[in-house]
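Asks: any chance you could fold what I've pasted below:
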Amino acid sequence: MTTVTLKEAQSALADLIHHLSPGDEVVITENDRPVARLVPTPPIPKMAHRQLGTMKGTVLYMASDFDAPLEDFKEVME
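Replies: Numbering: from 1, shown residues only. Next comes the predicted model:
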């Protein structure tokens, strides 16, 4: 845990942020009292690429009137 004063943090904030690594933290103090804490955010996990066609063949039944207008919307459709 690193401790820096508010003035030091203001002048070197970018350096403090870029040198943080997982598990590190920087405590910012003012008048010898802690006022803030800098901690790194957890890394964002990479999303796996989706592969097309992985659900092919999973629809076992489709009603014959699947694409027929619904009764509730007949007035709107006319």
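
Asks: what is the burial count for His18?
Replies: 7 (other CB atoms under 10 Å). Backbone N, C-alpha and C define where each C-beta goes, glycine included.

Asks: oops, could you answer that again for Gly23 instead?
Replies: By other CB under 10 Å, 7 other residues sit near Gly23.

Asks: swap in Val26?
Replies: Val26: 19 neighbours (other CB under 10 Å).

Asks: now for this structure, the helix or strand with the poorest mean pLDDT.
Replies: Lowest by mean pLDDT, DSSP states H and E among the helices and strands of the chain is helix 74-77, with a mean of 74.

Asks: Thr5: what's it in contact with?
Replies: Taking CB atoms under 8 Å, 6 or more residues apart in numbering, we find Thr5 in contact with Ile28, Thr29, Glu30.

Asks: who wins for most neighbours among these?
Replies: Ile28 (20 neighbours).

Asks: touching, that residue and Lys7? I think so.
Replies: No - Ile28 is beyond contact range of Lys7, at 9.9 Å (criterion: CB atoms under 8 Å).

Asks: what's the closest of the contacts of Thr5 to Pro40?
Replies: Comparing the contacts of Thr5 against Pro40 with CB to CB places Ile28 closest, at 14.9 Å.

Asks: what's the following helix or strand after the helix or strand containing that closest one?
Replies: Taking DSSP states H and E as the criterion, Ile28 maps to strand 26-30. Note on strand 26-30: by DSSP H and E, the next helix or strand toward the C-terminus is strand 33-38.

Asks: circling back to that earlier point, average model confidence for the strand holding Ile28?
Replies: Average pLDDT, strand 26-30: 95.

Asks: could you do stretch 54-66 as well?
Replies: Rounded mean pLDDT across stretch 54-66 is 89.

Asks: identify the bridge partners of the residue lying closest to Ala9 once chain neighbours are set aside.
Replies: Nearest non-adjacent residue to Ala9, counting by CB to CB, 6 or more residues apart in numbering: Ile28, 4.6 Å away. Bridge pairing for Ile28 (DSSP bridges) gives the partners Val4, Ala36.
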